[in-house]
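Undergrad: Predicted structure and sequence below. I'll ask about it afterward.
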Amino acid sequence: MKIGITYDLRDDYLNAGYGEEETAEFDRQDTIDAIETALNDMEYETDCIGNFAALARRLLCGERWDLVFNIAEGLNGFGREALVPALLDAYRIPYTFSDPLVLALTLHKGMVKMVVRELGVPTPEFFVVDNDLSELRDDLLYPLFAKPIAEGTGKGIDGSSKIVNRAQLRDVCDHLLMKCRQPVLVETYLPGREFTVGIVGAGSGAEVLGVMEIIFRENADQGVYSYTNKEHYKDHVDYRLVDDQVAQRTQELALTVWRGLGCRDAGRIDFRTDAHGVPNFMEVNPLAGLHPEHSDLCILASLIGLPYRKLIGRILFSACERYAFAQTFRKAAHG
């Protein structure tokens, strides 16, 4: 069984002149090494393919794989995460994680909130700012929260993301529009607890790994899971497994979102409670980071005692349940 691995290597983009924050979502070499080692330990042959362009070149040369372990994020546009799975679909090659429709939808934070709202899951009121700041309404209730509409890893989020008046809203939106070159999502700021829910599986087989609360230390950007807080989490953030009544409700809502959107194999869904303690959907990450030490999903797995190799095995098995050779991977998921 030959498994290809697709990814965007951060060093490649840094060497090409891109900045640290621009490349924050891309993977370091040690992440690729960890995934490959886990797959090799399960006695699978691996082939490190690389990014979309590398995959396209090799497909055109006639190369094929039994399955592709895809963690490629892509670089440009709302469909960037969908590029690799769309190409693999065209060649009928099985792959891990969600399909192009899910990845394109969930990358756009405004679109996915509209769908989640139709699923009956609470989410903060929001609007989208494109280019015309003159159309900002005068009847907005502050505080608000502003962030790029299609970024992850806290990119574009810092202490100024919490908006307290109209002047600040104009300044922050203007800054983000120029810096990130994409619309800005503005939503009601929620003052409560912050959670991320780890999920493995798909459809009726999806299950919650656990609910992890994100607690900001005194030296952190307060009240926002910012790029700085994520990059320097060991100094700024504490992670805690929780199972109280609010966490249990969050878990139920997360499964509703995961199944309703059609997400697959593994990922995370983020929630924050409002002033009344009600969990609200913030965003979903169906292509979650897999660095063994730094990625939230892997941190959560370690807190519940799930070894990295078994996490990779469960992702692999979930993917292969959709294909004819699912039985081949049963040992990987449960061994």
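TA: Received the coordinates, thanks. Residues are numbered from 1 along each chain as shown.
Undergrad: Would you mind pulling the contact partners of stretch 198-208?
TA: Stretch 198-208 has contacts (Cβ atoms under 8 Å, 6 or more residues apart in numbering) with 197, 209-210, 212, 251, 254-255, 258-259, 262-269, 288, 296-297, 300-301, 311, 314-315, 318, 321-322. C-beta here means a position set from N, CA and C on the backbone, and glycine is covered the same way.
Undergrad: what pairs with the residue nearest the centre of the chain across the strands?
TA: By Cα atoms, centre = their mean, the mean C-alpha position of the chain lies nearest to residue 285, the distance being 2.5 Å. Here residue 285 sits in beta bridges with residue 268, going by DSSP bridges.
Undergrad: ok, and the nearest residue to residue 131 once chain neighbours are set aside, which helix or strand is that part of?
TA: Spatial nearest neighbour of residue 131, chain neighbours left out: residue 177 (6.6 Å); criterion: Cβ to Cβ, 6 or more residues apart in numbering. Using DSSP states H and E, residue 177 falls within helix 166-180.
Undergrad: and that helix, which residues are buried?
TA: For helix 166-180, the neighbour count (16 or more other Cβ atoms under 10 Å) marks 168, 169, 172, 173, 176, 177, 180 as buried.
Undergrad: give the contact list for residue 265.
TA: Applying Cβ under 8 Å, 6+ apart to residue 265 gives the contacts 96, 97, 98, 200, 201, 202, 315, 318, 319.
Undergrad: So which of those are in helices?
TA: Using DSSP state H, the subset of those located in helices is 315, 318, 319.
Undergrad: How much space separates residue 251 from residue 211?
TA: 5 Å (Cβ to Cβ, to the nearest Å).
Undergrad: hey, what's in contact with both of those two?
TA: residue 197.
Undergrad: Which neighbouring elements make contact with the lengthiest helix in the chain?
TA: Of all the segments of type helix in the chain, defined by DSSP H, the longest one is helix 245-261. Counting contacts by 3 or more Cβ pairs under 8 Å, 6 or more residues apart in numbering; DSSP states H and E, helix 245-261 packs against helix 100-107, helix 109-118, strand 194-200, strand 207-216, strand 266-273, strand 279-285.
Undergrad: which one of these lies closest to residue 185?
TA: Between residue 185 and those, the tightest spacing by Cβ to Cβ is seen for helix 109-118, at 4.8 Å.
Undergrad: partner strands of the helix or strand just after the closest one, parallel or antiparallel?
TA: The element immediately downstream of helix 109-118 (helix or strand, assigned by DSSP H and E) is strand 126-129. If you go by DSSP bridges, strand 126-129 pairs up with strand 184-188 (antiparallel).
Undergrad: Now do the strand it pairs with against helix 109-118, angle only.
TA: Relative orientation of strand 184-188 and helix 109-118, computed by axes from the mean of the first three to the mean of the last three Cα atoms, to 10 degrees: 40 degrees.
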